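J.: predicted coordinates and the sequence they were generated for:
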Amino acid sequence: MRKMKILLSRGSSAENYLNALEGVGAEGVAKYLPEVDTNYDGLILCGGGDIDPKYYGEEINGSKGIDAERDVAEFALLKAYVEAGKPVLGICRGCQLINVYFGGSLYQHLQKADQHVSVNGADSVHKITATEGSVLNDLYGEAFAVNSSHHQAVKVLGEGLRATAFWNGEYIEAHEHKTLPIFSVQFHPER
């Protein structure tokens, strides 16, 4: 049986993502600023720095670590995979990028960001609640703990997306596209 081959668009290290894919019997190919190539079975948009808020009509007001070249490359990749009808998984930054691609916006800096940062190399952990009928609810049930390492979050949900998990009843921790094979989480399942 042929292994699924997944393209990972990454910022820095991809070791955890590659190990996670190997653990489920898939092969990952990790690249920084990959060329648009839909010959893979799917795409993972990995974590990293913030997306330039110009993409959702705002000035910089808390965003940091912006990588303009990565923004351009990943929006082009996402567009190609959406048009090809191929699966996309967004993790952390990838979750945010998918939301912005579909016309949503982000909180540039959460008021409670200190509850979502790594401390001494260890991620913070908090409980989220998954909506009934969502992928996460089917896998883990209604409430479960996730790691957390971000200072931004989905503010206005993009068109065609549905929120499928929440932290504290207000911040979106996961979303799925209503008709396309697109799934996103704010946390880091690869860790």
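T.: Alright, I've got the coordinates. Numbers count the residues shown, from 1 in each chain.

J.: same for the longest helix anywhere in the chain, what does it pack against?
T.: In the chain, taking DSSP state H as the definition, the longest helix is helix 68-84. In terms of contact count using 3 or more C-beta pairs under 8 Å, 6 or more residues apart in numbering; DSSP states H and E, helix 68-84 is assigned the packing partners strand 5-9, strand 42-45, strand 88-91, helix 93-101. C-beta here means a position set from N, CA and C on the backbone, and glycine is covered the same way.

J.: show me where the chain has its strands.
T.: Counting by DSSP state E, the chain has strands at residues 5-9, 27-31, 42-45, 88-91, 106-107, 124-130, 143-148, 153-154, 161-167, 171-177, 182-185.

J.: possible to save those strands as CSV with mean pLDDT, distance to Asp67 and mean neighbour count?
T.: Shown next, in CSV, are these (pLDDT from 0 to 100; distance: least, C-beta to C-beta, whole Å; neighbours: other C-beta atoms under 10 Å):
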stretch, mean pLDDT, distance to Asp67, mean neighbour count
strand 5-9, 97, 11, 21
strand 27-31, 97, 14, 16
strand 42-45, 98, 13, 24
strand 88-91, 98, 16, 24
strand 106-107, 94, 15, 21
strand 124-130, 88, 24, 17
strand 143-148, 88, 22, 16
strand 153-154, 91, 19, 23
strand 161-167, 95, 23, 20
strand 171-177, 95, 23, 23
strand 182-185, 97, 19, 23
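
J.: so which of the helices and strands packed on helix 68-84 gets nearest Val24?
T.: strand 5-9 (9.9 Å; C-beta to C-beta).

J.: and the angle from that closest one to strand 27-31?
T.: 30 degrees (axes from the mean of the first three to the mean of the last three C-alpha atoms, to 10 degrees).

J.: other SSEs contacting strand 5-9?
T.: By 3+ C-beta pairs under 8 Å, 6+ apart, strand 5-9 packs against helix 15-23, strand 27-31, strand 42-45, helix 68-84.

J.: before we move on, back to that, what would the helices and strands packed on helix 68-84 look like in CSV with distance to Ile128?
T.: Shown next, in CSV, are the helices and strands packed on helix 68-84 (distance: least, C-beta to C-beta, whole Å):
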stretch, distance to Ile128
strand 5-9, 24
strand 42-45, 20
strand 88-91, 14
helix 93-101, 13
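
J.: which residues does the residue nearest to Ile172 when sequence neighbours are not counted contact?
T.: Spatial nearest neighbour of Ile172, chain neighbours left out: Val154 (4.1 Å); criterion: C-beta to C-beta, 6 or more residues apart in numbering. The neighbourhood of Val154, defined by C-beta atoms under 8 Å, 6 or more residues apart in numbering, consists of Cys95, Gln96, Asn99, Gly104, Ser105, Leu106, Tyr107, Ala163, Tyr171, Ile172, His175, Gln186.
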